[in-house]
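sequence and predicted structure, then a few things I'm wondering about:
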Amino acid sequence: MKKPGVIRRAPKYLLAEAIAVRLTTEEQTTVEQYAYEGAESRAAFLRRMIMLGVKQHKRNLSKTKS
């Protein structure tokens, strides 16, 4: 596996307080692998996945209201 370049991190002043998330060992391994491959921190990867999920959830809600 090719080693990524610089890991991107969001500046701390942009973010609110930390939120703890419990993952199974398998889930944690998956998160770490995707974060590594995308050259981003685990937190940045999880933040992006959460926001994608929120976006999809909003879409699903709007479909059920129609």
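Thanks, I have the structure now.

mind listing what the one residue sitting closest to the centre of the chain touches?
The centroid of the chain falls nearest to Leu46 when counting by C-alpha atoms, centre = their mean (1.8 Å). Under the criterion of C-beta atoms under 8 Å, 6 or more residues apart in numbering, the contact partners of Leu46 comprise Val21, Val31. Placement of C-beta: from N, CA and C, glycine included.

does it lie in a helix or a strand, and which?
helix 42-65 (DSSP states H and E).

that helix: which residues count as buried?
By neighbour count with 16 or more other C-beta atoms under 10 Å, helix 42-65 contains the buried residues Arg42, Ala43, Ala44, Phe45, Leu46.

pLDDT of that helix, averaged?
Confidence for helix 42-65, expressed as mean pLDDT, is 93.

from the chain's centre, how far out does that helix sit?
10 Å (C-alpha atoms, centre = their mean, to the nearest Å).
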